[in-house]
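# sequence and computational prediction follow.
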Amino acid sequence: MQINPPATVSRCGVCGSTNYSRVVARDESGAMRYTEILQCTRCSREFANLDLWRQDGASTASPAVA
């Protein structure tokens, strides 16, 4: 019996959530736009890219701004 290799796991390295969203912020003209920053939907930490979101966030994540 052949076993398939495990698929790439896409989870937050901090809390294990499988969901994130892009951060929305105002640009120079005052319009609301998506940024390149990702925010975990469970722990609210922000990450510069998807690879950092998947890694252990102890040194790569920044705490959410209240």
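Great, that's in hand.

# the helix or strand hosting residue 33: partners in the sheet, and parallel or antiparallel?
Residue 33 belongs to strand 32-40 when assigned by DSSP states H and E. Sheet pairing here is set by DSSP bridges, and for strand 32-40 it gives strand 20-26 (antiparallel), strand 46-47 (antiparallel).

# tell me which of these is the most buried.
Greatest average neighbour count among those goes to strand 46-47 (a mean of 22), per mean count of other CB atoms under 10 Å. Every C-beta, even on glycine, is put in place using the N, C-alpha and C of the backbone.

# can you give me every residue that contacts the closest residue to residue 49 other than its chain neighbours?
Counting by CB to CB, 6 or more residues apart in numbering, residue 38 is the residue found nearest to residue 49 once chain neighbours are left out, at 7.1 Å. Listed by CB atoms under 8 Å, 6 or more residues apart in numbering, the contact set of residue 38 reads 20, 21, 22, 23, 46, 47, 48, 49, 50, 53.

# if you set the cut-off to 7 Å instead, what comes out?
With contacts defined as CB atoms under 7 Å, 6 or more residues apart in numbering, residue 38 is in contact with 20, 22, 46, 47, 50, 53.

# gap between it and residue 20?
Relative to residue 20, residue 38 is positioned 5 Å away (criterion: CB to CB, to the nearest Å).

# need the overlap of contacts for those two.
Jointly contacting residue 38 and residue 20 under the rule CB under 7 Å, 6+ apart are residue 53.
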